[in-house]
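Student: Turn this into a model:
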Amino acid sequence: MRLSFVFLACLAAVAALSGTAAAYLISFDAPSWVAAGEPILVTGTSTYPPGAQGSVIAYRAMPGNMPVSVDYQVFTAGPDGAWTVTFDTDGWMATTYKLEIAQNDNYPLGSSSVTYRFVEVIDRSQDCVVTTPATQYWEGDITISGVAHSPDGGHILIDISDASGQDISGIVPVSVAADGSFSLRYAVPGPGTYTIRYSDDKGFLTSGEVTVLPAPAITPVPPVTPVPPAGETGTTPTPSTPAPLAGLLAGVFCAGYGLRQRRDMQS
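Tutor: Okay, here's the model as predicted:
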């Protein structure tokens, strides 16, 4: 009886040791808030073996409602167990989201692991009303404009990318006038679609696209030749003397002729 008890105790100890050895640790960090449309960068560490995979699930956690899964990202542990994933929040509602490590039977987690974080997604799009024309003709640059409401830092930060996602401008600060308006003309390589991100010192505000079209071709207008009315030859008529002037000339001629006749008679 005593032998059986000792044997069972040994099995329990081995099981406990095995469970402890098989438990993995994981932890990760994420920003406490982001503006809607701004990516959420998640960075983590783990005791996972290199190449091991896991996933992070994003839940929309609205008060009074069941959490709803909106996205998930798969990560791969590096040589030191580090990993990263990024969530694209474009189209996400402005509310609280829970990021949670998904359970993985191949890599059970120990109780010291950090398996979830909360992130607040804030809609700041109304802090900047964009008036940039969505379609513009190629003139060497594009016109960017808008009205900022209480911008952080007193300026708007403009960043322009081309259709391939290549940043072509870097961060360009634009001063905001007393009425909140701002404007900028920035040179771009040529026609195409450009994405403009609007931010301030607090973070991302909103974004928009501008389509730049080739400048319309200017067609020269041919000279118009007047067409004479039907029945006319189209030749330039000989100028005629106006009637009052003709009568005056005739009267002078007649007076001169009469005076000459009178002189001849007297002689």
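Student: Residue 149 contacts residue 128, correct?
Tutor: Yes - the criterion here is CB atoms under 8 Å, and residue 149 meets it with residue 128 at 7.1 Å. For every residue, glycine as well, the C-beta is placed using N, CA and C.
Student: who's more crowded, those two?
Tutor: The neighbour count for residue 149 versus residue 128, taken as other CB atoms under 10 Å, is higher for residue 128 (21 against 12).
Student: so what's that one bridging to?
Tutor: residue 148 (DSSP bridges).
Student: Which stretches in the stretch 1-150 of the chain count as helices?
Tutor: 2-22 (DSSP state H, counting those that start in this stretch).
Student: Low-confidence bits of it, can you list those?
Tutor: 1-22 (pLDDT under 70).
Student: Show me the strands in it, by range?
Tutor: 26-29, 33-35, 40-46, 53-60, 68-76, 83-87, 96-101, 116-122, 128-130, 135-137, 141-148 (DSSP state E, counting those that start in this stretch).
Student: Same list (the ones you listed) but as JSON lines, adding distance to residue 228.
Tutor: As requested, the strands of the stretch 1-150 of the chain are exported to JSON lines (distance: least, CB to CB, whole Å):
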{"stretch": "strand 26-29", "distance to residue 228": "88"}
{"stretch": "strand 33-35", "distance to residue 228": "72"}
{"stretch": "strand 40-46", "distance to residue 228": "79"}
{"stretch": "strand 53-60", "distance to residue 228": "80"}
{"stretch": "strand 68-76", "distance to residue 228": "78"}
{"stretch": "strand 83-87", "distance to residue 228": "77"}
{"stretch": "strand 96-101", "distance to residue 228": "81"}
{"stretch": "strand 116-122", "distance to residue 228": "76"}
{"stretch": "strand 128-130", "distance to residue 228": "58"}
{"stretch": "strand 135-137", "distance to residue 228": "42"}
{"stretch": "strand 141-148", "distance to residue 228": "50"}
